[in-house]
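Visitor: Have a look at this fold, sequence not included:
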């Protein structure tokens, strides 16, 4: 790459090093906890049971990632490049499943598709079907996680599609290639970083999920880690397993980095302000609409209907409903702030990795994914360890909670920002600098505005993730700081479904509003 | 093309850092205040929130509560060590309390005397405030109480294959296994675990999902705590398809465990903390547990809620809290049996 030969300016590497130091905290904590105890951790780690769990985890990660790409790629293309009706509505609706907490989704899937669930009951009367295939286990966990996490790929691919210079595709068509050929040989390869970034997030999210796999009874690595923390005594084995999970996550990240190769994804011209010509769907409009509708129905409409049903049943049974406006406000406030913090922290790391790849950028970028792959409880305890010990004034303040969110969710922000940086030719910045601008100035006036879709996508992703984050929020939030996620947890953990359903619905609604605003502000 | 000028960029950066600085300073903690109390509660806000309010109203003490799972809070307390902001830990189960017993200060003798001896920590550092019985939940469409064995050993019969639900990672379940070790001994407990494993039980993450699975016939029976059923009955009515069965011969499957409290030795508000503990054992609070959480009151001689089997009919084994303390040994056994990873 063109910028690779120069050393990064201090305005980039100094903040990047600070971010890196924060990201190291959980690793240091896990190492301290694992090696504090002495040798017998290793006997517990290298057992047949652990190996079997590892195999199941890898199977789940591969299938969920593949499934998400299959769902998200057509959705992203249809909503950016075609004259699909209600495009903006589909965009918002397709991103929203991300906000459904996986523990809520798990309950819903069992209520709907489980034995004697809603589907079976509705088939029992007219068709006399008294048995459905068991939803528990691999199939249930795989489907649930796929429909929850395909929006990662959707958002990153969409951001990439918005940034592709239409001239590349037009040249292909100008050379006599058809639309399909152009799509497969020009567009798709150009989308590779976007697909890989989103796919990586899906893979790591799957790795770190606990709610869905525990309810659907598919034992994964994170499940095993939670089991250790569940017993409160064994923080050593929990830490040891978490470290193993880090190794697994780094291997997956390595695959993604490998898949990027040495390709260049920007064009030589500076402008992408020109929107590409929209593909006219014609009579393909109907199957396209059906496809979008089906995905939204399964991933969003069905869960929301079931939540609504629970609320209605609770109201008719005279359940007391406390209005949770304070929780709504807290959730939106902390999620918006954390998303901004994560994007700001991601900027120097992304700039470093795209413009100055080298000794610092590689490890830093890999490190950023560690937080996303680790279960929230491990990150939370790491910050308890450092916060209570070395920064008591910061402990259980919004500040430390924000730091936890940045550590957990910097990688979605980084993926989105990085992808958009990749598509900006370094020559533009170089031109700005040759006109006498400082690197920071060139970056702020040239790169940042052009990278806006990626920055917004990153912000939106982190916003949705923080809205539903539970373990770190419970442990690290200031005392008395209730969010929608903690309200859901509080009710659901005591089997008050009606009381859990209301904040869950509000969580989806409250996430939809800023997301809609963001999506509608985009001009294309 | 829209641009952001470097000047505006710098200004926004400044504004952002000021905001963050303000946030940090606004949220600084206050301790040592004689009118305040900080509680870590492993029992959820839905359950005990009103109780906290009652205490505040009665005493004028300002209670700040951190709600999270009992094991997560115990782990948090262990990581915080001497730097904990908490005065009191209100835990869901004896396992959570035992895990942090070293961080507790001894409780006054007068407090410990308010509940039966078995509901007090072996070293007098925590006290039980409500009781919860282990029980068997069964599907009422498929089974009647007559079909169920007189104690948990009966479920090792192959006729229960694939029909049992359990939550071996759950701390209440693990306490029950500790009771088995105390009553049956290690060898027999290990054998029971292996025999149940051979019966291919369905593994659930918690009691709630076992009770709902039993109600819809996903399983015929499940090993749970008694009060979850009553919450389902309150929300879904009498048509709910499951009921509790207390093993007629009693044994470890019928033990009563406590939820309880302890005062952290690093607390700056010991007096307030003691008042809080005594409040939880007052008639008002004990009645609250009976009415709202369907648990067994441990002090004040109050009867249980309608529909809950009285303590005296449970036929539970005579075990002390010391007998139930060795959670670590139980986990070792569970691992050996291949029940937990």
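Guide: Thanks, I have the structure now. What you see is a predicted model; the values in this text were computed from it and never measured.
Visitor: Poorly predicted segments of the chain, please.
Guide: By default, I'm working from chain A. Scanning chain A for pLDDT under 70 picks out A:1-6, A:37-41, A:115-116, A:121, A:125-132, A:231-233, A:260-275, A:319-323, A:494-496, A:519-524.
Visitor: oops, chain B please
Guide: For chain B, the ranges with pLDDT under 70 are B:1-33, B:300.
Visitor: all strands of it, in order?
Guide: Assigned by DSSP state E, chain B shows strands spanning B:36-41, B:62-67, B:88-91, B:104-105, B:126-139, B:164-166, B:202-203, B:221-225, B:242-245, B:256-264, B:296-297.
Visitor: Mind checking the ones you listed for the one nearest to residue A:423?
Guide: strand B:62-67 (44.8 Å; C-beta to C-beta). C-beta coordinates here come from the backbone N, C-alpha and C atoms, glycine included.
Visitor: Around chain A, pick out the residues from the stretch 51-200 of chain B.
Guide: Applying C-beta under 8 Å from any C-beta of the partner chain, we find that the stretch 51-200 of chain B lies next to chain A at B:64-76, B:78-81, B:83-85, B:95-96, B:99, B:169-171, B:174.
Visitor: please redo it, this time with the cut-off set to 7 Å
Guide: Residues of the stretch 51-200 of chain B lying close to chain A by C-beta under 7 Å from any C-beta of the partner chain are B:64-68, B:71-72, B:74-76, B:78-80, B:83-85, B:95-96, B:99, B:169, B:171, B:174.
Visitor: Check which helix or strand residue A:80 maps to.
Guide: helix A:48-81 (DSSP states H and E).
Visitor: If you count contacts, what does that helix end up packed against?
Guide: Here helix A:48-81 touches helix A:87-95, helix A:138-163, helix A:188-208, helix A:221-230, helix A:285-296, going by 3 or more C-beta pairs under 7 Å, 6 or more residues apart in numbering or on different chains; DSSP states H and E.
Visitor: Quick one: closest of the ones you listed to residue A:387.
Guide: Across the helices and strands packed on helix A:48-81, residue A:387 has its closest neighbour in helix A:221-230 (17.8 Å, C-beta to C-beta).
Visitor: Can you name every helix or strand that that closest one contacts?
Guide: Applying 3+ C-beta pairs under 7 Å, 6+ apart, one finds that helix A:221-230 makes contact with helix A:48-81, helix A:188-208, helix A:235-260, helix A:376-390, helix B:70-80.
Visitor: and the angle for that helix with helix B:70-80?
Guide: Following axes from the mean of the first three to the mean of the last three C-alpha atoms, to 10 degrees, one obtains 70 degrees for the angle between helix A:221-230 and helix B:70-80.
Visitor: Can you tell me what sits against helix A:221-230?
Guide: A:53-54, A:57, A:207-210, A:213-214, A:234, A:237-238, A:241-242, A:245, A:375, A:377-378, B:71-72, B:75, B:169, B:171, B:340-341 (C-beta atoms under 7 Å, 6 or more residues apart in numbering or on different chains).
Visitor: circling back: out of the helices and strands packed on helix A:48-81, which comes closest to residue A:329?
Guide: Nearest to residue A:329, of all the helices and strands packed on helix A:48-81, is helix A:87-95, at 21.6 Å by C-beta to C-beta.
Visitor: Count the neighbours of the residue nearest to residue A:383 when sequence neighbours are not counted for me.
Guide: Nearest residue to residue A:383 in three dimensions, chain neighbours excluded: residue A:404, at 5.2 Å (C-beta to C-beta, 6 or more residues apart in numbering or on different chains). Neighbourhood size, residue A:404 [other C-beta atoms under 10 Å in any protein chain shown]: 30.
Visitor: For chain B, see how far away residue A:404 is.
Guide: Distance, residue A:404 to chain B, by C-beta to the nearest C-beta, to the nearest Å: 13 Å.
Visitor: tell me the SS of that residue?
Guide: helix (DSSP: H, G, I helix; E, B strand; the rest coil).
Visitor: Go ahead and confirm it touches residue A:378.
Guide: No: applying C-beta atoms under 7 Å, one finds residue A:404 not in contact with residue A:378, separated by 11.0 Å.
Visitor: quick revisit: out of the helices and strands packed on helix A:221-230, flag the one nearest residue A:15.
Guide: Evaluated with C-beta to C-beta, the helices and strands packed on helix A:221-230 place helix A:376-390 nearest to residue A:15, the distance being 19.9 Å.
Visitor: Export the helices and strands packed on helix A:48-81 to TSV and append columns for distance to residue B:134.
Guide: Shown next, in TSV, are these (distance: least, C-beta to C-beta, whole Å):
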stretch	distance to residue B:134
helix A:87-95	45
helix A:138-163	29
helix A:188-208	33
helix A:221-230	18
helix A:285-296	44
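Visitor: Mind putting these into TSV with mean neighbour count and distance to residue B:201?
Guide: What follows is these, written out as TSV (neighbours: other C-beta atoms under 10 Å in any protein chain shown; distance: least, C-beta to C-beta, whole Å):
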stretch	mean neighbour count	distance to residue B:201
helix A:87-95	21	40
helix A:138-163	26	18
helix A:188-208	24	26
helix A:221-230	25	16
helix A:285-296	16	36
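Visitor: and the strands of chain B as JSON lines, adding mean neighbour count?
Guide: Converted to JSON lines, the strands of chain B look like this (neighbours: other C-beta atoms under 10 Å in any protein chain shown):
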{"stretch": "strand B:36-41", "mean neighbour count": "24"}
{"stretch": "strand B:62-67", "mean neighbour count": "20"}
{"stretch": "strand B:88-91", "mean neighbour count": "28"}
{"stretch": "strand B:104-105", "mean neighbour count": "18"}
{"stretch": "strand B:126-139", "mean neighbour count": "26"}
{"stretch": "strand B:164-166", "mean neighbour count": "22"}
{"stretch": "strand B:202-203", "mean neighbour count": "18"}
{"stretch": "strand B:221-225", "mean neighbour count": "27"}
{"stretch": "strand B:242-245", "mean neighbour count": "22"}
{"stretch": "strand B:256-264", "mean neighbour count": "26"}
{"stretch": "strand B:296-297", "mean neighbour count": "25"}
